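Peer 1: Build me a model from this:
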Amino acid sequence: MPSPALAIFRAFLLLASFPGIEKHVVRLVQAAIDWWSGKKIAVIGPTAAGKDSFLARLQNREIPRVHSNSPMGERVKSFRVKLALSHHRVIDITCKGVINIGGETDYRDAPAGWLAVCKDADVIFYVMTIKDLSEKRFLKGRRIREDLDWLMTVMPHLKKDALIHILINKVDEEIESHTDYRAFAVELSKELHALDKAVETVLHPYDSRYTGATLISMKSKPIYTLAINHVLRAVYSAFHETEKRKKAA
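Peer 2: Okay, here's the model as predicted:
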């Protein structure tokens, strides 16, 4: 009988094997490692989505046991991220000037709120939950869609080549409540496709800045490790594809 962690890990591997789960897939070559080095990231999203836990995971710390609201513009000192990849390779990234911020809409819209957090970031991570996805909160009039609309309004004020990646947290909770992983994966693929379409529509003409959405669990280390590798590849791949289009134009 496999351990719960191993079962979840295998289930996630199954989920990741379906078309639409990964938007961009490339090998994490030296160019990608070099590109990520020294990048400035921002972490935003609704309250209790997992922002603090994501920063803790990146810093190889224990995730918070109890959620607490982050102070306005909480600054996190620069830190190095060491991630073990396949074939015993290790990536060493320095993240500089990381800023975390509360997720309430008052924080989002305040003069010193999300815009102040995001304006100098190279990569913006928007953290939502699997429940936000399944309940389609990315549709018009719902919280995730309101945040996407906000991102669209501030795009002209961000770095010229700033990229946006969505992390869909707490997938482990949904996996644990299912027994038919294949049916669950098919349903997730449809929901992710709908999310991608919504994001690209809202962000147009800046939709090329969107690098995709990744299923992740801050709680489950095996899922987190696999997912963060997907994230690194997806973001760099989107950047690389954009650069190729610029050169061809």
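Peer 1: Just the terminal-to-terminal distance for stretch 110-127.
Peer 2: Across stretch 110-127, the terminal residues are separated by 19 Å (Cα to Cα, to the nearest Å).
Peer 1: So what's the gap between that stretch and the chain middle?
Peer 2: 14 Å (Cα atoms, centre = their mean, to the nearest Å).
Peer 1: Now do the SS call for the most centrally placed residue in the chain.
Peer 2: The chain has L167 as the residue nearest its centroid, 2.8 Å off, counting by Cα atoms, centre = their mean. Secondary structure, DSSP: H, G, I helix; E, B strand; the rest coil: L167 is strand.
Peer 1: Wait, it touches I216, no?
Peer 2: Yes - contact criterion Cβ atoms under 8 Å: L167 and I216 qualify, at 5.1 Å. Any C-beta I mention is one placed from the backbone N, CA and C, and that applies to glycine too.
Peer 1: tell me, what's touching the two both at once?
Peer 2: A227, V231 (Cβ atoms under 8 Å, 6 or more residues apart in numbering).
Peer 1: hang on, the earlier thing: who touches the residue nearest to the centre of the chain in this structure?
Peer 2: Contacts of L167 by Cβ under 8 Å, 6+ apart are G45, G50, F54, F125, Y126, V127, M128, A213, T214, I216, A227, V231.
Peer 1: Which strand residues bridge it?
Peer 2: V127, T214 (DSSP bridges).
Peer 1: do you know how far it is from K247?
Peer 2: Counting by Cβ to Cβ, to the nearest Å, the separation of L167 from K247 is 30 Å.
Peer 1: Which two among the contacts of L167 are spaced furthest apart?
Peer 2: With distances taken as Cβ to Cβ, the most widely separated pair in those is G45 and A227, at 15.5 Å.
Peer 1: Name the residue in these two with the higher neighbour count.
Peer 2: Legend: neighbour count by other Cβ atoms under 10 Å for G45 and A227, higher for G45 (26 against 23).
Peer 1: tally of neighbours for the nearest residue to that one once chain neighbours are set aside?
Peer 2: Excluding its sequence neighbours, the residue lying closest to G45 (Cβ to Cβ, 6 or more residues apart in numbering) is V127, at 3.6 Å. By the criterion of other Cβ under 10 Å, V127 has 26 neighbours.
Peer 1: again with V199
Peer 2: By other Cβ under 10 Å, neighbour count at V199 equals 23.
Peer 1: does it sit in a helix, a strand or a coil?
Peer 2: helix.
Peer 1: hang on, the earlier thing: list the contacts for the residue nearest to G45?
Peer 2: Shown in contact with V127 (Cβ under 8 Å, 6+ apart): V43, I44, G45, P46, A49, G50, K51, F54, I166, L167, N169.
Peer 1: quick one: the fourth one and L139, what's the gap?
Peer 2: Looking back up the chat, that one is P46. Distance from P46 to L139, by Cβ to Cβ: 15 Å.
Peer 1: Looking at those two, which is more packed in?
Peer 2: P46 (22 against 12).
Peer 1: Which helix or which strand is home to that one?
Peer 2: For P46, there is no host helix or strand (DSSP states H and E).
Peer 1: May I have the phi/psi pair for the residue nearest to it when sequence neighbours are not counted?
Peer 2: Distances taken as Cβ to Cβ, 6+ apart place G103 nearest to P46, at 4.3 Å, with adjacent residues excluded. With angles defined as degrees, to the nearest 10, G103 sits at phi -100, psi 0.
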